[in-house]
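Novice: Sequence first, then the predicted structure, then my questions.
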There are 2 protein chains.
Amino acid sequence: MLAVAALALLTFVEARSQELTKTIAERLGYPSDAKLLIVHADDLGMAHSVNAATIKALETGLVNSGSIMVPCPWLSEIAGFARANPQADLGLHLTLTSEWTSFRWGPVAARDKVASLLDKDGYFRLLESEAAAQADPKEVELEITAQIERARALGIQPTHLDSHMGTLYQNKALFEIFLRVARSQKLPVRVAKTWFARADFLPSTLTADDVYIDRVLDINPTVAPQDWARFYSDALRKLEPGVTEVVIHLAYDDAEMRAATVNHPDWGAAWRQRDFEFFTSDAFRKVLQENNIKLITWRELGKLIK
Amino acid sequence: MLAVAALALLTFVEARSQELTKTIAERLGYPSDAKLLIVHADDLGMAHSVNAATIKALETGLVNSGSIMVPCPWLSEIAGFARANPQADLGLHLTLTSEWTSFRWGPVAARDKVASLLDKDGYFRLLESEAAAQADPKEVELEITAQIERARALGIQPTHLDSHMGTLYQNKALFEIFLRVARSQKLPVRVAKTWFARADFLPSTLTADDVYIDRVLDINPTVAPQDWARFYSDALRKLEPGVTEVVIHLAYDDAEMRAATVNHPDWGAAWRQRDFEFFTSDAFRKVLQENNIKLITWRELGKLIK
């Protein structure tokens, strides 16, 4: 009996050890050289223009994931979409900043319970660095838990969590809260191995039980508008094996979005229209096919969580 | 000495008595047969479309007053306009309901302090009747005071107060709070003498020191879209002497507004575009001239408050 038990234990340890040395692609059941891509639209719920463009893009199948800002005014519209499309890969874009100037939002938790998260006008702060520097970690936990609870109450069943403007990656204390909440919810969080070098609290906080991806691809303000499609196409042609999330921001370049992002061309209305155009284009579909890139979702990643 | 004092007292009593028997037009310094009109756009701050259309209409001078919803997402945009245009006749549209389904808002006060005002999702309720029936009067006072304080903190100097969807006129307890807060702010409230017959708590609560107008004119869903201009023109041709407020709702019939008011044609996007078109038209300007109607503002009415 003892020998059988010892053998079972050895087998378990060996299997566990193999599991730990597997790439995330292999853990998902793909060959280690597979190029796997999540095409992820941030900021759902922020504005009607964002919701409308992202829903349209999700319907093409070329954009296949997104995350929702619970404190924002258009949450109810996207919650309706989520309830009607339970197969959609929708997560929560946990929000602790309110970055535009004409158009603001504040906490889901009671304001007097999360005072450290608020500016003098009672909204979330404009900048992620300020938000992180001023935030009381206990109040962050209360607020992000309230966001998850409100989303679930509205019938959203999130497949993953990420952090608007990266506020929850700004320091170790915030990341630990983020990870603790995500583990308690059994949800994967947006973390990329390529970030480990620039934030050593990431590898020291994560364990082998956590599920994270290889890299995130995103565009930045140094790319000129006329180079938009070329930037993405080039990056996808050079895509390395493993799991990549391309993080995009979709909306229409319309009156609402121009006013919401007034004086902020970066991540502004025209930027989001350009993202919409590329990621719903035949050119994008073609670059996926020609480079043997397979689309996956956070739902698949979440299934790896024990 | 006693005789002089008695004479002074008599003179005071007589003047006061005359004051009390004067019409509101006379108290403003106009003849009693003057036709005085406030052209008032509700719902500022609700949406960008509302702000943009109302600002455009205010610039024509034909629309000359409006009121702001402090809990709404586009408050910052209209607060910027108010700061840049301190002469604009802007009041606060005190808000205790969130009536659309895709697009919601909640309180300015801490949620745990105003729980009686909230629905199960943490927003204000959809209907004014429900809001009034459920509201704890103390929480109403806390919330409307918080709305006034936030507006002032953002540099809005309100000239008057009114109540979104009329929630604060739904019963005597709410109206008493509304009036007490308005008096403490030395601001006039939207009350019309013509309402006295249908709500006897209005005349019993108001005193001769309060400032109120003769009547409110507004359109309603029984008017067909093609009859819009005719309805307003006819009403203005028949306008009785005294102070009338025409309460209108301006926005553009655009993507944002259609989505905000989805499934609600009454006070919806097309409705607001029709209001915008009539109240910025030459036809409206002409009917004002031909009928000797003079535009006045709440700022003038507020000066009567002792």
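Specialist: All right, it came through fine.
Novice: And the longest strand seen in chain A, how far out from the chain middle?
Specialist: Longest strand in chain A, counting residues (DSSP state E): strand A:35-44. Distance of strand A:35-44 from its chain centroid, counting by CA atoms, centre = their mean, to the nearest Å, is 7 Å.
Novice: What distance do you get for residue A:147 to residue B:230?
Specialist: 50 Å (CB to CB, to the nearest Å). (Glycine included, C-beta is placed from N, CA and C.)
Novice: neighbour count winner among the two?
Specialist: residue A:147 (26 against 13; other CB atoms under 10 Å in any protein chain shown).
Novice: Just give the closest residue to that one, not the sequence neighbours.
Specialist: Leaving aside its sequence neighbours, residue A:147 sits nearest to residue A:70 (CB to CB, 6 or more residues apart in numbering or on different chains; 4.0 Å).
Novice: burial of the one you found, as a residue count?
Specialist: Using other CB under 10 Å: residue A:70 sits among 27 other residues.
Novice: hang on, it in a helix?
Specialist: No - counting by DSSP: H, G, I helix; E, B strand; the rest coil, residue A:70 is not part of a helix but coil.
Novice: was I right about it contacting residue A:91?
Specialist: No - in this structure, residue A:70 is not within contact of residue A:91 by CB atoms under 8 Å, at 11.1 Å.
Novice: and the residue nearest to residue A:147, how far is that from residue A:78?
Specialist: When residue A:70 is compared with residue A:78 (using CB to CB), they lie 10 Å apart.
Novice: pLDDT weak spots in chain A?
Specialist: Of all residues in chain A, those with pLDDT under 70 make up the ranges A:1-20.
Novice: contacting residues around the residue nearest to the spatial centre of it?
Specialist: Nearest to the geometric centre of chain A sits residue A:162, at 4.0 Å (CA atoms, centre = their mean). By CB atoms under 8 Å, 6 or more residues apart in numbering or on different chains, residue A:162 lies in contact with A:42, A:67, A:91-94, A:189-190.
Novice: again, 6 Å this time
Specialist: Going by CB atoms under 6 Å, 6 or more residues apart in numbering or on different chains, residue A:162 touches A:67, A:93, A:190.
Novice: need the contact list for the last one.
Specialist: Translated: residue A:190. Here residue A:190 is in contact with residue A:162 (CB under 6 Å, 6+ apart).
Novice: do the same with the one 3 residues further on
Specialist: Listed by CB under 6 Å, 6+ apart, the contact partners of residue A:193 are residue A:214.
Novice: Same check on residue A:126?
Specialist: Applying CB under 6 Å, 6+ apart, we find residue A:126 in contact with residue A:99.
Novice: The one helix or strand residue A:271 maps to: which residues count as buried?
Specialist: Taking DSSP states H and E as the definition, one finds residue A:271 inside helix A:269-279. Residues of helix A:269-279 classed as buried under the neighbour-count rule (16 or more other CB atoms under 10 Å in any protein chain shown) are A:269, A:271-279.
Novice: what do you get for stretch A:129-145?
Specialist: Buried, per 16+ other CB under 10 Å, within stretch A:129-145: A:131-132, A:135, A:139-145.
Novice: Those residues of the stretch 101-250 of chain A touching chain B, which are they?
Specialist: A:102-104, A:110-112 (CB under 6 Å from any CB of the partner chain).
Novice: With neighbour count and secondary structure as new columns, can these be given to me in TSV?
Specialist: What follows is these, written out as TSV (neighbours: other CB atoms under 10 Å in any protein chain shown; DSSP: H, G, I helix; E, B strand; the rest coil):
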residue	neighbour count	secondary structure
A:102	21	coil
A:103	26	coil
A:104	23	coil
A:110	20	coil
A:111	20	helix
A:112	12	helix
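Novice: Which of those sits closest to residue A:179?
Specialist: Checking these against residue A:179 with CB to CB, the nearest one is residue A:110 at 24.9 Å.
Novice: What are the boundaries of the strands in the stretch 1-150 of chain A?
Specialist: Using DSSP state E, counting those that start in this stretch, the strands of the stretch 1-150 of chain A run over A:35-44, A:65-68, A:90-94.
Novice: Sheet-wise, list the partners of the longest one with their directions.
Specialist: Paired with strand A:35-44 in the same sheet, following DSSP bridges, are strand A:65-68 (parallel), strand A:242-248 (parallel), strand A:293-295 (parallel).
Novice: is the helix or strand following the second one anywhere near chain B?
Specialist: In this case it means strand A:242-248. Following strand A:242-248 in sequence order, the next helix or strand is helix A:255-260 (DSSP H and E). Yes - Helix A:255-260 lies within reach of chain B by CB under 6 Å from any CB, at A:255-256, A:259.
Novice: hmm, back to that, which two of the buried residues of stretch A:129-145 lie the greatest distance from each other?
Specialist: The most distant members of the buried residues of stretch A:129-145, if one measures by CB to CB, are A:132 and A:145, lying 17.9 Å apart.
Novice: which residues are contacting the longest strand of chain A?
Specialist: Outside strand A:35-44, the residues that reach it (CB under 6 Å, 6+ apart) are A:25, A:50, A:54, A:63-69, A:78, A:93, A:239, A:241, A:243-250, A:293-296.
Novice: Give me the nearest residue to residue A:104, chain neighbours excluded.
Specialist: In space, residue A:104 is closest to residue A:123, 4.3 Å off (CB to CB, 6+ apart).
Novice: Could you give the backbone dihedrals for residue A:250?
Specialist: phi -110, psi 140 (degrees, to the nearest 10).
Novice: Touching, it and residue A:51? I think so.
Specialist: No - using CB atoms under 6 Å, residue A:250 makes no contact with residue A:51, being 9.4 Å away.
Novice: quick one, helices of the stretch 151-300 of chain A?
Specialist: A:172-185, A:201-205, A:228-237, A:255-260, A:269-279, A:282-290, A:298-302 (DSSP state H, counting those that start in this stretch).
Novice: Turn the ones you listed into a markdown table, including distance to residue A:221.
Specialist: Output for those, formatted as a markdown table (distance: least, CB to CB, whole Å):
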| stretch | distance to residue A:221 |
| --- | --- |
| helix A:172-185 | 25 |
| helix A:201-205 | 25 |
| helix A:228-237 | 12 |
| helix A:255-260 | 17 |
| helix A:269-279 | 8 |
| helix A:282-290 | 21 |
| helix A:298-302 | 27 |
